[in-house]
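1. Structure here, sequence nowhere to be found:
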Ligand code: GLN
């Protein structure tokens, strides 16, 4: 196995993940199988208990792992499915070591960061590699080199380099090249310092990815090469582009694949990037635009909804349209009650969510789409709220609500049309205890959702504690809402409203399995319906 390690310096948010997944994509385009590991040096065992404002969306894997959103980039760029082990955190590594210590596995020894924690980290990385059977692994170290919390990981990676053959591991360090003053000179000093920090920890980078606004000047590249001791061709200009999907093409233009191939002694063909380039071309140049409103609670941090945006873009490309995202903060809509902010939208999407704040605003948007025949796509919470809205305004149960809100406020209601799933009763730990990951869903023949998937049995990822209360289903269906999919039993998985141009909501999260040229069927249908509206 070949390892491509991507570290970062100067500051966070440089787009290491994009650089790393782009290199992965280039290798995959040469015919290699590629897997990825994202290291997050925080103490949480996984991302599941974090608020989206911390690190953006919580991404969900097939095996139910709740992980960092970068794993989503890897799955989408590499078109693969991974699992929870592909995300290593400090919490996970320490928990393993501490559990082993309690079991007596290190009996007689003092348990220490070096070698016990570093061995554990290496073992975790190697195991993912073995399990995947891939030819190459991208390892992205989150955070900034030099931070206290990333030290054990840097050390583990350094040990990997001495353990492996020189041609089996390559280190790419990402830095920032700012521009200063009126002359607009590109400054290399932060890069020099950051590479020095990395070297003081025993790692000499083999490549430097320089983030900059404009392409690196020849002089800047030469300077970085000289001061950081990497060949000229190993200094990459990772300048701003309109769309992140352009980055693999940008790297390929600079001969990155060729350099990595020579370094890692890989005898593989040239990358085939034709489909990717075509994807980028439509993404940037489609002539028709559809306007989609996203009603969220964390709209100030777009990363909170990254998989939704990507899935919408995948669907946009396959429908030959560009998307114009219209962000609506649910709390604002709730306060103003003014749905005119939705006028002119071709589609309305209510994503997953937790808690009552903003819920009434989201329901106003759902009612608006239902009554005005605007295409609607609801995901998870977006399905639960669609059922509550329908129960209140069509069935006539004014007090219809979710057990989640009853729990929050203690206000009882006759009609808890959404309630806690029975198996959730008595669970008091928050971490990794929801109904998670890939589950089979059975679609009713002849329904819209069945038409979209073209199959009666599908598998989609889940992340929820609440569900539609089975006893209310007959009355709701009697009033015109159709439950078009279930889990094979009494748990509802999809609803739609026959007669509406496109009203579909799912208990599962189809956004996590959407890929470039493999758009998720509900998203594809939704964008198609939105496109039809624009005429
Ligand atoms: N809060 C809801 C539940 O737990 C919806 C969760 C979600 O949208 N992911 O069931």
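-> Sure thing, it's come through. As the structure is a computational prediction, the values presented were derived from the model and not from experiment.

2. Would you mark the buried spots in stretch 73-86?
-> 73-78, 80, 82-86 (16 or more other C-beta atoms under 10 Å). For the C-beta atoms, the positions are set from N, CA and C on the backbone; glycine is no exception.

3. Tabulate those in JSON lines, adding columns for distance to residue 182, pLDDT and secondary structure.
-> Listed next are these as JSON lines, based on distance: C-beta to C-beta, whole Å; pLDDT from 0 to 100; DSSP: H, G, I helix; E, B strand; the rest coil:
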{"residue": "73", "distance to residue 182": "37", "pLDDT": "94", "secondary structure": "helix"}
{"residue": "74", "distance to residue 182": "41", "pLDDT": "96", "secondary structure": "helix"}
{"residue": "75", "distance to residue 182": "44", "pLDDT": "97", "secondary structure": "helix"}
{"residue": "76", "distance to residue 182": "41", "pLDDT": "96", "secondary structure": "helix"}
{"residue": "77", "distance to residue 182": "38", "pLDDT": "95", "secondary structure": "helix"}
{"residue": "78", "distance to residue 182": "43", "pLDDT": "95", "secondary structure": "helix"}
{"residue": "80", "distance to residue 182": "47", "pLDDT": "95", "secondary structure": "coil"}
{"residue": "82", "distance to residue 182": "47", "pLDDT": "96", "secondary structure": "coil"}
{"residue": "83", "distance to residue 182": "51", "pLDDT": "96", "secondary structure": "coil"}
{"residue": "84", "distance to residue 182": "50", "pLDDT": "95", "secondary structure": "helix"}
{"residue": "85", "distance to residue 182": "51", "pLDDT": "96", "secondary structure": "helix"}
{"residue": "86", "distance to residue 182": "46", "pLDDT": "97", "secondary structure": "helix"}
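
4. I'd like to know which of the residues you listed is nearest to the ligand.
-> Minimum distance to the ligand across the buried residues of stretch 73-86 is 17.1 Å, recorded for residue 84 (C-beta to the nearest ligand atom).

5. That closest one against residue 59, yeah?
-> No - checked against C-beta atoms under 8 Å, the pair residue 84 and residue 59 is beyond contact range at 10.5 Å.

6. Now do the shared contacts for those two.
-> Residues touching both residue 84 and residue 59 (C-beta atoms under 8 Å, 6 or more residues apart in numbering) are 66-67.

7. For residue 101, see how far away the residue of the chain most remote from its centre is.
-> Here the chain reaches farthest from its C-alpha mean at residue 108, the gap being 42.9 Å by C-alpha atoms, centre = their mean. Residue 108 sits 11 Å away from residue 101, going by C-beta to C-beta, to the nearest Å.

8. now do residue 38
-> 26 Å.

9. So for those two, which sits in the more crowded spot?
-> Taking neighbours as other C-beta atoms under 10 Å, residue 38 and residue 101 compare with residue 38 leading, 27 against 14.

10. so for the helix or strand the more buried one falls within, what's the average pLDDT?
-> Take DSSP states H and E as the rule and residue 38 turns out to sit in strand 34-40. For strand 34-40, mean pLDDT is 96.

11. which is the next helix or strand following that strand?
-> Next along from strand 34-40, by DSSP H and E: helix 52-55.

12. how distant is that next one from the center of its chain?
-> Offset of helix 52-55 from its chain centre (C-alpha atoms, centre = their mean, to the nearest Å): 12 Å.

13. Now for residue 475: which residues touch it?
-> Counting by C-beta under 8 Å, 6+ apart, residue 475 has contacts residue 395.

14. Which of the helices or strands spans it?
-> Per DSSP H and E: residue 475 is located in helix 473-478.

15. Go through that helix and flag the buried ones.
-> Buried-residue list, helix 473-478, by 16+ other C-beta under 10 Å: 473, 476.

16. Identify all contacting residues around the next helix or strand after it.
-> Counting by DSSP H and E, the next helix or strand C-terminal to helix 473-478 is strand 482-486. The contact list for strand 482-486 (C-beta under 8 Å, 6+ apart) reads 441-444, 447-450, 468, 473, 476-477, 492-498, 506.

17. Can you give the distance from strand 482-486 to the centre of its chain?
-> For strand 482-486, the distance to the chain centre is 27 Å (C-alpha atoms, centre = their mean).

18. For the stretch 1-150 of the chain, which residues are neighbours of the ligand?
-> Within reach of the ligand by C-beta under 6 Å from any ligand atom, the stretch 1-150 of the chain has no residues at all.

19. Give the burial count for the residue in the stretch 151-300 of the chain that the ligand sits nearest to, as a bare number.
-> Of all residues in the stretch 151-300 of the chain, the one sitting closest to the ligand is residue 297 (10.7 Å; C-beta to the nearest ligand atom). Residue 297 has 22 neighbours, counted by other C-beta under 10 Å.

20. State whether it and residue 333 are indeed in contact, as I suppose.
-> No - contact between residue 297 and residue 333 fails when scored by C-beta under 8 Å: they sit 10.7 Å apart.

21. that older thread, list the strands paired with the strand holding residue 38, with their directions.
-> Applying DSSP bridges, strand 34-40 is found paired with strand 87-89 (parallel), strand 136-141 (parallel).

22. the strands in the stretch 101-250 of the chain, which residues?
-> 136-141, 169-176, 179-180, 185-186, 207-212, 235-239 (DSSP state E, counting those that start in this stretch).

23. possible to save those as JSON lines with mean neighbour count?
-> Below are these laid out as JSON lines (neighbours: other C-beta atoms under 10 Å):
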{"stretch": "strand 136-141", "mean neighbour count": "25"}
{"stretch": "strand 169-176", "mean neighbour count": "24"}
{"stretch": "strand 179-180", "mean neighbour count": "12"}
{"stretch": "strand 185-186", "mean neighbour count": "18"}
{"stretch": "strand 207-212", "mean neighbour count": "25"}
{"stretch": "strand 235-239", "mean neighbour count": "22"}
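
24. What residues does this structure have near the ligand?
-> 352-354, 380-381, 384, 404, 463-466.

25. mind listing which of those are in strands?
-> 463-464, 466 (DSSP state E).

26. From the contacts of strand 482-486, list the buried ones, please.
-> For the contacts of strand 482-486, buried by 16+ other C-beta under 10 Å: 441-444, 447-450, 468, 473, 476, 492-497, 506.

27. Now do stretch 422-429, average pLDDT.
-> pLDDT averaged over stretch 422-429 gives 88.

28. Any idea how far it is from the middle of the chain?
-> On C-alpha atoms, centre = their mean, the centre of stretch 422-429 falls 27 Å from the chain's centre.

29. Residue 299 reaches residue 326, doesn't it?
-> No - look at residue 299 against residue 326 with C-beta under 8 Å: they stay out of range, at 10.0 Å.

30. pLDDT and neighbour count for the residues of the chain next to the ligand - can I get that in a markdown table?
-> What follows is those, written out as a markdown table (pLDDT from 0 to 100; neighbours: other C-beta atoms under 10 Å):
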| residue | pLDDT | neighbour count |
| --- | --- | --- |
| 352 | 94 | 25 |
| 353 | 93 | 24 |
| 354 | 93 | 17 |
| 380 | 97 | 23 |
| 381 | 97 | 25 |
| 384 | 98 | 29 |
| 404 | 95 | 21 |
| 463 | 96 | 21 |
| 464 | 95 | 21 |
| 465 | 95 | 17 |
| 466 | 97 | 23 |
